[in-house]
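[1] give me the fold of what follows.
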Amino acid sequence: MTTNVIHTSKQSSVVPMAIIAVLFFILGFATWLNGSLMPYLSQILKLTPFQGSLILFSFYIAVTFTAIPSAMLIKKVGYKNGMALGMTVMMVAGLLFIPAAKSQIFPLFLLAQLVMGTGQTLLQTAINPYVVRLGPEESAAARISIMGILNKGAGVIAPMVFTALILNNFTGTVGQALSQTQIDSMANSLILPYLGMALFIGVLALAVKKSPLPELAKEENSSSSLSEVKETLSHPNLALGVIAIFVYVAVEVIAGDTIGTFALSLGIEGYSVMTSYTMVCMVVGYILGSTLIPRFISQQKALSISATLGVILTLAILFVDTQSSIIANTVLVPLGGVQLPDVLLMIAFLGLANAIVWPAVFPLALSGMGKLTSTGSALLVMGIAGGAFGPMFWGLLSGLSSLQMGYSVMLPCYLFILFYAVKGHKMKKAIVV
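    Now for the predicted structure:
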């Protein structure tokens, strides 16, 4: 391994990758809890679709304000310390859910989500360059896919844990008028799980701080952070990559975190585990990505296929009968699964279309960035703010028409991803900004 990647050339990358894998799992677990939390709080606090979308908005909008400061902080304290600090902030966020649940004050939940998003941004900014630079650039998508399997695998588990620890005690409440006693009980049931998660993340932060994780090579400092951002954005493949990440995260979060709310509106009792269906499809997609890229298919080709599948599924979601259960009756029920409306399964299938996008766009956008890798990574991580605006537009459109038609906001997103796969990533000639 060359010295411009890791300080030591002899140390195996197995241990660093194992540590990073655990962190990706934690990121996934904390992130995809939102898919269960959003409809749960909507039920308790009687939120509109737009108000419910603010739960996701508060989580993801933190990226906009903290990505660049995170990159600057990491340059000062190093990648490993940046990871530990990110998890410490996430621990604080978990503790904030306790007073939010006790008081049932919606803005306090939003504050806890904002702090959680801040911690995740710092952690994301630190660990993604690690994966990219722990091996050859052309196989970076495969490595990120492996990390994604754990990240999205946590997304399968998190809703199940949420349901087992919290929702199982309140079966039969969907579509029913809740008494204040029931509301208090449902809100208080959030306290112990979030306390446990906060303590676990805190212990993990200390473990990472004391771990043998090697530091990435120091990058040259620019005289001005603003000029460095301008220089980074002058590379079209990076600038367009930021937009691609923005619209990708928008559709990923819509598919993963609104499916439970849609299921709740259709009277599905097990709405809190719906996110798991989307995440299972994403795990399948990541496994395919790690197996096929780059041996049998290029990053660019995989990205094109994913975007095309996203367009097809979105059109299907918009026009399928919400009462139809043909797919479930044909496939799931014979295999011992549950009967679900086809529209929910198609939303879940979006996970397959979304899986390859992040691991393909990230290395394509960072290609040839050199000393600007850290700032470029931070700008790409800022694209996670798409997770704030995608669901918000879905909520606004749902309020004006229907929850089903709200999914039309995904069409232009997938079309842009297709453009980036076909042409955008090839535009590398620097532009004077």
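
[2] next helix or strand past the helix or strand where residue 93 lies?
    Secondary structure from DSSP states H and E places residue 93 in helix 79-103. Using DSSP H and E, the next helix or strand after helix 79-103 towards the C-terminus is helix 106-132.

[3] that next one packs against which elements?
    On a contact count with 3 or more C-beta pairs under 8 Å, 6 or more residues apart in numbering; DSSP states H and E, helix 106-132 meets helix 14-32, helix 34-45, helix 49-77, helix 79-103, helix 140-165, helix 357-366, helix 373-382. Bear in mind the C-beta positions are built from the backbone N, C-alpha and C, glycine included.

[4] could you dump the ones you listed into a markdown table with mean neighbour count, mean pLDDT and distance to residue 308 added?
    Shown next, in a markdown table, are these (neighbours: other C-beta atoms under 10 Å; pLDDT from 0 to 100; distance: least, C-beta to C-beta, whole Å):
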| stretch | mean neighbour count | mean pLDDT | distance to residue 308 |
| --- | --- | --- | --- |
| helix 14-32 | 20 | 84 | 25 |
| helix 34-45 | 25 | 89 | 25 |
| helix 49-77 | 22 | 87 | 26 |
| helix 79-103 | 21 | 93 | 35 |
| helix 140-165 | 22 | 81 | 18 |
| helix 357-366 | 27 | 86 | 12 |
| helix 373-382 | 25 | 80 | 23 |
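
[5] from residue 242, how far out is residue 307?
    The span separating residue 307 from residue 242 equals 17 Å under the rule C-beta to C-beta, to the nearest Å.

[6] look at these two and report which has more neighbours.
    Set side by side, residue 307 and residue 242 give different neighbour counts by other C-beta atoms under 10 Å, the larger being at residue 307 (29 against 20).

[7] excluding its backbone neighbours, what's nearest that one?
    Nearest residue to residue 307, sequence neighbours excluded (C-beta to C-beta, 6 or more residues apart in numbering): residue 418, at 3.7 Å.

[8] that neighbour: which element?
    Residue 418 is part of helix 410-422 when elements are defined by DSSP H and E.

[9] got the angle between that helix and helix 357-366?
    50 degrees (axes from the mean of the first three to the mean of the last three C-alpha atoms, to 10 degrees).

[10] so what touches helix 410-422?
    With contacts defined as C-beta atoms under 8 Å, 6 or more residues apart in numbering, helix 410-422 is touched by 240-241, 243-244, 247-248, 250-251, 254-255, 300-301, 303-304, 306-308, 310-311, 314-315, 350, 353, 357, 360-361, 364, 390.

[11] quick one: contacts for residue 127?
    Shown in contact with residue 127 (C-beta under 8 Å, 6+ apart): 20, 23, 24, 27, 79, 83.

[12] the closest residue to residue 171 other than its chain neighbours: what secondary structure?
    Among residues not flanking residue 171 along the chain, residue 269 sits closest, at 6.6 Å (C-beta to C-beta, 6+ apart). Secondary structure assignment for residue 269 (DSSP: H, G, I helix; E, B strand; the rest coil): coil.

[13] and the pLDDT for residue 269?
    Residue 269 is assigned 82 on the pLDDT scale.

[14] might one say that it is in contact with residue 168?
    No: Residue 269 sits out of contact with residue 168 when judged by C-beta atoms under 8 Å, with a separation of 10.9 Å.

[15] from residue 259, how far out is the nearest residue to residue 209 once chain neighbours are set aside?
    Distance criterion C-beta to C-beta, 6+ apart; nearest residue to residue 209, sequence neighbours excluded, is residue 84 at 4.2 Å. When C-beta to C-beta is applied, the distance between residue 84 and residue 259 equals 33 Å.

[16] next: residue 29.
    18 Å.

[17] returning to that earlier point: mind checking how far the helix holding residue 93 is from the chain centre?
    Its chain's C-alpha centre lies 17 Å from the corresponding centre of helix 79-103 when counted by C-alpha atoms, centre = their mean, to the nearest Å.

[18] got it, and stretch 300-315?
    Relative to the mean C-alpha coordinate of its chain, stretch 300-315 is positioned 18 Å out (C-alpha atoms, centre = their mean).

[19] can you pull the contacts of the residue nearest to residue 209?
    If you count contacts by C-beta under 8 Å, 6+ apart, residue 84 has them with 205, 206, 208, 209.

[20] and residue 113, by the same measure?
    34, 55, 56, 58, 59, 93.

[21] per-residue pLDDT, it?
    In this model, residue 113 carries a pLDDT of 95.

[22] quick check: mean pLDDT of stretch 414-427?
    Across stretch 414-427, the average pLDDT comes to 89.

[23] pull the CA atoms of that stretch into PDB?
    Below are the C-alpha coordinates for stretch 414-427, written out as PDB (Å, rounded to 0.1, in the frame of the first residue of the first chain):
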ATOM      1  CA  TYR A 414     -33.600   9.100 -11.100                       C
ATOM      2  CA  LEU A 415     -33.400  10.800 -14.400                       C
ATOM      3  CA  PHE A 416     -30.500  13.000 -13.100                       C
ATOM      4  CA  ILE A 417     -28.700   9.900 -11.800                       C
ATOM      5  CA  LEU A 418     -29.000   8.400 -15.200                       C
ATOM      6  CA  PHE A 419     -27.500  11.500 -16.700                       C
ATOM      7  CA  TYR A 420     -24.500  11.300 -14.300                       C
ATOM      8  CA  ALA A 421     -24.000   7.700 -15.100                       C
ATOM      9  CA  VAL A 422     -24.000   8.200 -18.900                       C
ATOM     10  CA  LYS A 423     -22.200  11.600 -19.200                       C
ATOM     11  CA  GLY A 424     -21.800  13.600 -16.000                       C
ATOM     12  CA  HIS A 425     -19.000  11.600 -14.400                       C
ATOM     13  CA  LYS A 426     -16.900  12.000 -17.500                       C
ATOM     14  CA  MET A 427     -16.800  15.800 -17.400                       C
END
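
[24] now do the buried residues in it.
    Under the neighbour-count criterion of 16 or more other C-beta atoms under 10 Å, stretch 414-427 has 414, 416, 417, 418, 419, 420, 421, 424, 425 buried.
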